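**Q** pasting the sequence and the predicted model now:
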Amino acid sequence: MGNPLNLAFDPIERAHDNWTDRWGRSPAMAAVTSVMRAQQLLIAQLDATLKPYALTFARYEALVLLSFSSSGALPLGKIGERLMVHPTSVTNTIDRLERQGFVRRRPNPSDGRGTLAEITDSGREVMERATRDLLDMKFGLSCYTDEELWQIHSLFKKLRVDYGDFPAES
């Protein structure tokens, strides 16, 4: 889960103080640095929780996505689109899951040249067990109330709309 820094001060606030002295106040610098550190902490904690299942969070997400599809299978391109990752990352993720027996590749009947990734029974089983563990630890966010979690979601949703991930709700 990573080692706590156990510092006597907040290094991000210290960095912001130094930043302010040189370039002026920047709440954006403090915010983005905090987001990046939070991502480091969360990935470490999530990956540690998933380690007993021989999964990373990226592979877990792929299994969940496949389990949500009506047939349990999706084209690799659609997986990349939905998980918002590069095609090479999808290929590597599916390769690992296939070697573990959690996914199998099969021809796409709708596209003679395409390939589907399909979740296996063992993939569903490991995904269900891992999900219970992630829910028990609130995905690493147990320090927040449900209301605070929805606020965080809303704040980042605004950023994602601004970047064009999807249109703003009318």
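**A** Sure, I can see it.
**Q** okay, the one helix or strand in the chain whose mean pLDDT sits lowest in CSV with CA atoms only?
**A** Lowest mean confidence among the helices and strands of the chain (mean pLDDT, DSSP states H and E): strand 111-119, at a mean of 88. In CSV, the C-alpha atoms belonging to strand 111-119 read as follows (Å, rounded to 0.1, in the frame of the first residue of the first chain):
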residue,chain,number,x,y,z
ASP,A,111,-16.4,-8.1,-38.0
GLY,A,112,-14.5,-10.9,-39.8
ARG,A,113,-11.1,-9.3,-39.0
GLY,A,114,-12.0,-8.3,-35.4
THR,A,115,-11.4,-10.0,-32.1
LEU,A,116,-13.6,-10.1,-29.0
ALA,A,117,-12.3,-10.5,-25.5
GLU,A,118,-14.7,-12.6,-23.5
ILE,A,119,-14.7,-13.0,-19.7
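**Q** which helix or strand lies directly C-terminal to it?
**A** Once the chain leaves strand 111-119, the next helix or strand it forms, by DSSP states H and E, is helix 121-136.
**Q** now the longest helix along the chain against helix 121-136, angle please.
**A** Using DSSP state H, we find that the single longest helix of the chain is helix 27-50. Put simply, helix 27-50 runs at 130 degrees to helix 121-136, going by axes from the mean of the first three to the mean of the last three C-alpha atoms, to 10 degrees.
**Q** for Thr33, see how far away Pro27 is.
**A** Distance, Pro27 to Thr33, using C-beta to C-beta, to the nearest Å: 11 Å. For every residue, glycine as well, the C-beta is placed using N, CA and C.
**Q** sounds good, over and out.
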